[in-house]
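Enquirer: coordinates for the following, if possible.
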Amino acid sequence: MENKEFQFKGATLGGFLMLFANILLTLLSIALIVLGILQEPNEVLMGLLIGIGAVVLVSTFFVWGGFVMLEPGEARVMMFFGEYKGTFTKVGYSWVNPFINTKKLSLRARNLDAEPIKVNDKTGNPVMIGLVLVWKIKDTYKAMFEIDSQTMAQSGAAQQVGTNVSNVMRAFEKFVKTQSDAALRQVAGLYAYDNNESGNKELTLRDGADEINKQLEEKLDERLSMAGIEVVEARINYLAYAPEIAAVMLRRQQADAIISAREKIVEGAVSMVKMALDKLNSEDIVELDDDKKAAMVSNLLVVLCGDDSAQPVVNTGTLNH
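Expert: Model (predicted):
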């Protein structure tokens, strides 16, 4: 999309210089009016001096309307009778044409900590998900003219107390929040909360944080670029199952964990039994027939896989009884 923003190229003067000059003009106009009053016998001279003084005094009021002060991280959109004349970003105290209307915007980074919302993941499970977003205005032309930020600011002015720029920035915050919720729902619906099937390597919301956050930033960029807003960082900061299924899913996760642990225990026990049999056979400690090997394997598996400690039984007889 074509970038319509450009720097203000109109004439500007130092604010303090014009302030000093305007004070002098004000004093001069007052002096002319007083001097004219003192020339009361000479009506022509009196009228001339008072007229000149009045004209100079009125002109000083127009000069007062041209002073502009900007702090770092701020900008003013300059408009001359509705026509965009550029963006003014010079920091300090300046003076511009008083007939130019200015709209101040903040270019500083802002933070949005969105409340968790309920969405359905890829498998249809309801989950609660929230994000934290850092954003700032990058294109002032789009911010002022591509979306209806001014009308939104005026509609909220009756309920919100603050300056005009505060109302405008609140309008942007509302726009960002709405678009963030939409982008979050879109991304969350593409992935499952977690892998419930063992061996499934599909990316999920729970373990794919970096990739999910990258996609979230891309979706937000697409939605917020129309308003001239740049996404500095976007991260999912809250993720959990919805309360109505949280308890069920917790039991399922616990069952999966128990099964996984049992598999590891059985795998290790079989390895230890094999090692024991091989050791007995290689060192000729005792000869075991198939029945004795089967009994030994059974006993060792019970001992190694059982949850409780095994109770030893001392055999005082022979191996055959």
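Enquirer: show me where the stretch 201-321 of the chain has its strands.
Expert: Using DSSP state E, counting those that start in this stretch, the strands of the stretch 201-321 of the chain run over 229-241.
Enquirer: in it, where is pLDDT below threshold?
Expert: Of all residues in the stretch 201-321 of the chain, those with pLDDT under 70 make up the ranges 245-258, 280, 284, 286-293, 299-321.
Enquirer: repeat for the stretch 51-200 of the chain
Expert: Using pLDDT under 70, the stretch 51-200 of the chain drops low at 152-164, 196-200.
Enquirer: let's see it at 80
Expert: 148-166, 195-200 (pLDDT under 80).
Enquirer: now do the contacts for Met18.
Expert: For Met18, the contact set (CB atoms under 8 Å, 6 or more residues apart in numbering) comprises 63, 66-67, 95. Quick note: C-beta positions are derived from backbone N, CA and C, even for glycine.
Enquirer: which SS state does Pro98 fall under?
Expert: coil (DSSP: H, G, I helix; E, B strand; the rest coil).
Enquirer: how much space separates it from Thr60?
Expert: 11 Å (CB to CB, to the nearest Å).
Enquirer: looking at these two, which has the bigger crowd around it?
Expert: For Pro98 versus Thr60, neighbours defined as other CB atoms under 10 Å are more numerous around Thr60 (18 against 14).
Enquirer: got the contact list for that one?
Expert: Residues in contact with Thr60 (CB under 8 Å, 6+ apart) are 22, 25-26, 29.
Enquirer: quick check: next helix or strand after the helix or strand encompassing it?
Expert: Using DSSP states H and E, Thr60 sits in helix 43-64. Downstream of helix 43-64, the first helix or strand assigned by DSSP H and E is strand 67-70.
Enquirer: alpha carbons of the helix or strand following that following strand, as CSV, please.
Expert: Sequence-wise, the next helix or strand downstream of strand 67-70 (DSSP H and E) is strand 74-80. Taking Å, rounded to 0.1, in the frame of the first residue of the first chain, the C-alpha atoms of strand 74-80 are listed here in CSV:
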residue,chain,number,x,y,z
GLU,A,74,4.9,12.9,19.8
ALA,A,75,3.7,14.2,16.4
ARG,A,76,1.2,16.6,15.0
VAL,A,77,-0.8,16.0,11.9
MET,A,78,-1.0,19.4,10.0
MET,A,79,-4.2,20.2,8.1
PHE,A,80,-5.0,23.4,6.2
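Enquirer: can you give me the buried ones in strand 74-80?
Expert: 74-79 (16 or more other CB atoms under 10 Å).
Enquirer: quick one: strands adjacent to it?
Expert: strand 83-88 (antiparallel), strand 101-106 (antiparallel) (DSSP bridges).
Enquirer: let's have the ones you listed in TSV, adding distance to Met46.
Expert: Formatted as TSV, those follow (distance: least, CB to CB, whole Å):
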stretch	distance to Met46
strand 83-88	43
strand 101-106	39
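Enquirer: quick one: which of the ones you listed is nearest Glu244?
Expert: Nearest to Glu244 among those is strand 101-106; the distance by CB to CB comes to 41.4 Å.
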